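**Q** Give me a 3D structure for the following:
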Amino acid sequence: MKLMSLNCPNCNAPVKQVAEGKFYCATCDSTFLADYDSDDVEYQKVRTTAEIHKQQMNLAQSGMAVQNRRAKDSFKIKLIVIAAVFLFFLITAVPTVIFSMQMAQRQREASEQQQREQEARREIEEKQREEQRRQEQEAKAAAEEAERQAKLASYRLTPEEIIGDPFFVENANQTILGQLWDNTNLFYTNWVWNEAPEYMTSYFLTAKDENERDQNILLSIYKIHWDKEFDDRTEHYVMYDGACLYNISRNEDGTINSNYAPHEMSYNSEIVANQFLSGYSDYDQLIRQEIYGNTEYDYIELTMPGAQPDPDTFEKRVYEK
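**A** Take a look at the predicted model:
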């Protein structure tokens, strides 16, 4: 390889390479071209190879630089992405969290409202149940009152209903007559009730006070003939007396109910021939005292069928006692 001077051949000033094989002298403004021989070609190859290697190295370094730049850019991008994500979180997530908190608060409020509504419904239902219980109690009371009125009505009988029950009529007559005999029995053997009592009339007394309705009374009045026997004569006396049955009412089947426990009328005694006799010597006085005087009762007069006893049957019964 032949080395050539890089000074200007004209002014010997340094020249500058401006292109491949081309040089320029700034001092004298001259331009030169390089004259290459075979050695120069080889040198140029070597140089070219070196330059290529250098370029490859530069390229490699440039690639590494690019990779570094790309890595840095990627890192920056990641940072940007992270920042964007964080910013997005701030923009979206925080409002979402706030919205979620608001929704949770609304749900709590809705739940509390629902609880209040449930409590209100329970109170309403309890009031409705209480009202239903009240209505049921009122209905029960009304039913009891109706039953009571019906029961009370069962004690308000008509004469037709009373005499329409033959079983009751028969037993009432016999019971009253038995009690009548017990009430008017004599203390002395020379007093004789030697005639069958004469049936006068009957009264049905209904208690005005419903609380006393079990005291409804069927009262039958009889005229009784008394004889006081002496050795030489017989004195005849007349008394009015009667007996009664309490708790007269109507059974469900329409029959008449009674306890068949007879009671004497208000106690009244008359002194006749130095003897006490149970009964009234004045019929009107009996009616005034036993019927009109019972102001707590309403009364209806009626005639009991079969109330007049058969004289033979009654006399036989009397002497049996």
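**Q** quick one: the helices in the chain?
**A** Taking DSSP state H as the test, the helices found in the chain are 38-88, 94-155, 159-163, 166-183, 283-287, 311-320.
**Q** can you redo the ones you listed as JSON lines with distance to residue 299?
**A** No exception for glycine: its C-beta is placed from N, CA and C like everyone else's. Shown next, in JSON lines, are the helices of the chain (distance: least, Cβ to Cβ, whole Å):
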{"stretch": "helix 38-88", "distance to residue 299": "107"}
{"stretch": "helix 94-155", "distance to residue 299": "14"}
{"stretch": "helix 159-163", "distance to residue 299": "11"}
{"stretch": "helix 166-183", "distance to residue 299": "17"}
{"stretch": "helix 283-287", "distance to residue 299": "10"}
{"stretch": "helix 311-320", "distance to residue 299": "27"}
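**Q** Check residue 309 and give its pLDDT.
**A** pLDDT recorded at residue 309 is 86.
**Q** For stretch 204-215, the averaged confidence score.
**A** 79.
**Q** ok, residues contacting that stretch?
**A** Here stretch 204-215 makes contact (Cβ atoms under 8 Å, 6 or more residues apart in numbering) with 148, 151-152, 155-157, 159, 162, 216-219, 246-249, 291, 294, 296-300, 302.
**Q** how about a cut-off of 7 Å?
**A** Stretch 204-215 has contacts (Cβ atoms under 7 Å, 6 or more residues apart in numbering) with 152, 155-157, 159, 162, 216-219, 246-248, 294, 296-300, 302.
**Q** Now find how far off-centre it is within its chain.
**A** 41 Å (Cα atoms, centre = their mean, to the nearest Å).
**Q** Mind listing what's buried along it?
**A** Of the residues in stretch 204-215, those buried under the neighbour-count criterion (16 or more other Cβ atoms under 10 Å) are 204, 205, 206, 207, 213, 215.
**Q** distance between the ends of it?
**A** 11 Å (Cα to Cα, to the nearest Å).
**Q** tell me the contacts of the closest residue in space to residue 197 that isn't next to it in sequence?
**A** Nearest residue to residue 197, sequence neighbours excluded (Cβ to Cβ, 6 or more residues apart in numbering): residue 222, at 3.9 Å. If you count contacts by Cβ under 7 Å, 6+ apart, residue 222 has them with 180, 197, 198, 199, 200, 241, 242.
**Q** what bits of the stretch 1-150 of the chain have low per-residue confidence?
**A** Within the stretch 1-150 of the chain, the segments meeting pLDDT under 70 span 1-5, 34-53, 55-56, 58-66, 71, 85-86, 88-90, 93-94.
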